[in-house]
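Visitor: Sequence plus the predicted model coming up.
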Amino acid sequence: MRHCPVRSSCLRQTLAFGRREEVKSLELLGAMLALALIGAAVALGQLARRHRFGGGRGAHHAAFEQSPHGMLVVDAGSLKIVDANPALLRSLGYSLRELRKMPLAEIFSDNAGPPEALLAQLRQDAARLLIETGQCCRSGRFLHVELSGYRVEVGRRILYTLTTRDITVRRRVEAQQLEKQQHLDHLAHHDQLTGLPNRLFLAAHLPGAIDEAKRGNSMLAVLFLDLDRFKHINDSRGHETGDKLLKTVAQRIRATTRTEDIVVRMGGDEFIVVLKTVATPEQINETASRITEALAEPVVIDGRPLVTTASIGVSLFPRDGATMGELLRQSDTAMYQAKDRGRNNFQLFSPVMERKLKERMAIESSLRAAFQGRQLDVHYQPIVEIESHRVLALETLLRWRHPALGSVPPERFVAVAEETGLIVPIGEFVLERAIEDTARWQAAGAAAVPISVNISAVQLQRSDLPATITRLTHKHGVSPRMLLLELTESAVFEQREGRYGDSTRDAIARLRELGARIAIDDFGTGYSSLSYLKRWRVDYLKIDRGFVRDLVTDMSDLAIVEAIIAMARHLNIEVVAEGIEGWQQLEKLRQLGCSYAQGYLLARPAPFDQCWRYLTGQPLDLTSQPPSPESLEATGT
Ligand code: C2E
Ligand code: MG
Ligand code: MG
């Protein structure tokens with residue numbers, strides 16, 4: 001190989017630089033980079049000659065000149081371009097003369113502005129340089145480029161030899177991928193139907209909001225919102241209407257909250273609102289009231305107005321919990337309390353609620369075991385004809401003997417059984433026990449006294465009660481005519497519209513066709529819509545004991561009872577007064593024309609083997625059992 005003094009001096013410089021700085025990385029860069037470097041070094045040599053020795057081009061310059069990548073040499077002191085190869089000039093559309101006059105930042109800058117990072121690296125006198133930036137061409141074309149190169153010392157001058165690589169395609173692919181990813185992230189963190197953020201979003205943002213409140217020493221509120229009777233709307237007016245309603249509800253909640261607050265659809269008809277930086281508890285009241293008011297406006301769907309309400313439970317950071325889990329749990333508990341208080345209201349969490357909820361959960365978990373473990377039993381209480389003191393029927397009342405809690409009253413567990421659906425098998429158990437016991441009494445020669453059974457609305461909706469009754473009465477050889485079925489007024493009324501209403505009405509009609517009679521229990525405590533009494537044939541009304549208790553002293557109770565009796569007479573329905581504890585009450589009811597009564601005064605609920613005295617067909621001897629309601633209450637009978 002012919003000796004070339006320029007090349008060898010350049011190589012010497014390059015090798016010196018390599019030794020001085022990064023011998024190892026030079027090795028790693030491989031042949032390609034070395035070639036580029038040699039090209040750059042050759043260019044430097046040429047430059048050095050041009051500037052220091054008066055210029056002139058040699059064969060060694062070919063690599064620099066012919067490289068398909070744009071290459072340039074920058075003066076580290078002035079930050080000016082001193083040389084550029086044809087590939088770069090072609091790509092930029094400027095001549096070398098023009099380039100030399102232009103500031104570096106005019107050529108290489110990204111969308112965000114001048115290449116501060118590039119200039120900073122140059123100013124810092126970095127040995128190696130690698131940066132991604134933009135390249136602005138004369139035509140206005142913008143390319144994404146990678147600039148890489150080295151610092152070299154030529155005499156006392158410090159230069160940078162840089163190679164540009166067009167990464168526009170890679171950037172475009174990356175941007176598309178990013179966009180796709182962001183779209184997927186959005187989908188994953190948002191609810192399709194309402195467009196609101198979802199529970200994943202909440203999980204990602206609520207902890208941060210709590211931390212922020214902690215740092216700022218401020219309060220934060222979590223509002224748990226559940227629509228009232230949404231299932232009913234969905235079932236009666238269809239899922240499409242339900243979906244439209246949810247969308248409107250989502251918009252209204254969003255519109256009543258501040259932009260910084262988080263509004264999330266948790267799923268179904270549940271929403272969460274996180275109020276950040278709550279200054280005073282009144283602020284929560286205001287927001288909750290605003291939401292309630294906004295929802296109260298009827299929503300017109302397909303030309304038909306629909307009214308929806310919500311129950312809202314509120315928990316407060318730091319008072320009710322310090323973590324997302326705690327705050328959500330407590331707001332959920334408070335929401336259930338709002339439901340219990342008649343829906344369409346909001347409740348702030350309190351520790352008492354938690355105790356009640358725990359008790360309720362304990363009941364829920366042990367109820368199933370109680371049912372399977374034969375802790376459930378029934379007692380019977382006579383319904384007596386006031387004039388004759390003869391027994392009209394025996395009412396079956398469920399009893400739970402809990403091994404640890406003692407006697408648990410039905411009021412505490414029937415609602416739980418309804419919520420869990422366990423009321424269906426439990427109700428069937430009660431029904432079968434009543435029919436079975438009737439068969440045993442009949443076999444023993446008792447008078448034909450009908451048996452009355454309380455039926456839950458859930459039982460009526462979720463099971464084929466007429467078929468069950470046919471099966472059980474047939475099995476035990478008892479006529480369905482021996483049955484009186486007690487349905488609570490509110491349960492029947494609440495379901496009267498839509499699908500359930502029809503099926504409830506059909507079920508009642510079928511039960512009456514079988515020969516069973518129907519009583520409306522606790523009459524007066526529900527919505528007291530009297531029109532359904534006319535439409536749905538019922539046989540008895542049982543006036544709730546709440547009206548009977550103060551009948552003798554309270555004029556309005558007297559007026560109500562009087563009105564019920566008069567109305568029932570016109571509709572040809574018999575009346576039973578519940579909860580008679582005193583002779584004066586009984587006498588008053590007799591005067592008002594009430595036919596039947598039930599209460600501790602007449603007979604208390606008793607287990608199967610103590611009921612024979614009610615089944616003789618003879619009038620009850622009321623003098624033999626003086627009433628002692630308090631002691632009876634205390635024993636749970
Ligand atoms: P209900 O059907 O109105 O039953 C009458 C309730 O009043 C019974 O309470 C009875 O023990 C009580 N009672 C009767 N006479 C008097 C009185 O003179 N004074 C007072 N203070 N109370 C009296 P119990 O047995 O605790 O039942 C409560 C409610 O639980 C029932 O009210 C009924 O709604 C429900 N329930 C009871 N057994 C069943 C059942 O087998 N299935 C369903 N679904 N519900 C049941
Ligand atoms: Mg009853
Ligand atoms: Mg009742």
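Guide: All right, it came through fine. Numbering: from 1, shown residues only. Ligands and ions are numbered 1, 2, ... in the order given.
Visitor: what residue lies at the spatial centre of this structure?
Guide: The chain has M266 as the residue nearest its centroid, 2.8 Å off, counting by Cα atoms, centre = their mean.
Visitor: Show me what the helix or strand containing it is packed against.
Guide: Under the criterion of DSSP states H and E, M266 resides in strand 262-267. Under the contact definition 3 or more Cβ pairs under 8 Å, 6 or more residues apart in numbering; DSSP states H and E, strand 262-267 sits against helix 199-215, helix 239-256, strand 270-278. From N, CA and C alone the C-beta is placed, and that goes for glycine too.
Visitor: Quick one: low-confidence residue ranges for the chain.
Guide: The chain contains residues with pLDDT under 70 at 1-60, 111-117, 490-503, 526-531, 624-637.
Visitor: How about the residues of it by ligand 1?
Guide: 381, 396-398, 409-411, 414, 427, 430, 454, 456, 486, 521-522, 545, 578-581, 598-600, 605, 629 (Cβ under 6 Å from any ligand atom).
Visitor: Of those, just the buried ones, ChimeraX syntax please.
Guide: Of the residues of the chain next to ligand 1, the buried ones can be selected in ChimeraX as follows, counting by 16 or more other Cβ atoms under 10 Å:
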select :381,396,397,398,414,427,430,454,456,486,521,522,545,578,579,580,581,598,599,600,605
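Visitor: So which of the residues of the chain next to ligand 1 are in strands?
Guide: Within these, residues falling in strands by DSSP state E are 381, 396-398, 454, 486, 521-522.
Visitor: Of these, which are in range of ligand 3?
Guide: Filtering these for proximity to ligand 3 (criterion: Cβ under 5 Å from the ion) leaves 521-522.
Visitor: mind giving me JSON lines with the ones in strands among the residues of the chain next to ligand 1 and columns for distance to ligand 2?
Guide: Compiled in JSON lines, these are given as follows (distance: Cβ to the ion, whole Å):
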{"residue": "Q381", "distance to ligand 2": "9"}
{"residue": "T396", "distance to ligand 2": "9"}
{"residue": "L397", "distance to ligand 2": "7"}
{"residue": "L398", "distance to ligand 2": "10"}
{"residue": "N454", "distance to ligand 2": "4"}
{"residue": "E486", "distance to ligand 2": "4"}
{"residue": "D521", "distance to ligand 2": "4"}
{"residue": "D522", "distance to ligand 2": "7"}
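Visitor: count of residues packed around the residue in the stretch 301-450 of the chain that ligand 2 sits nearest to?
Guide: Of all residues in the stretch 301-450 of the chain, E395 sits closest to ligand 2, at 5.6 Å by Cβ to the ion. Neighbour count for E395, taken as other Cβ atoms under 10 Å: 25.
Visitor: Show me this protein divided up by domain.
Guide: Under the assignment automatic domain parsing, the domains of the chain span 5-171, 191-349, 374-545+575-582+595-632.
Visitor: Assign I158 to helix, strand or coil.
Guide: strand (DSSP: H, G, I helix; E, B strand; the rest coil).
Visitor: bridging residues for it?
Guide: E153 (DSSP bridges).
Visitor: List the contacts of it.
Guide: Residues near I158 by Cβ atoms under 8 Å, 6 or more residues apart in numbering: 75-77, 125, 151-152.
Visitor: Flag every residue of this protein that's near ligand 3.
Guide: Proximity of the chain to ligand 3 (Cβ under 5 Å from the ion) is limited to residues 521-522, 578.
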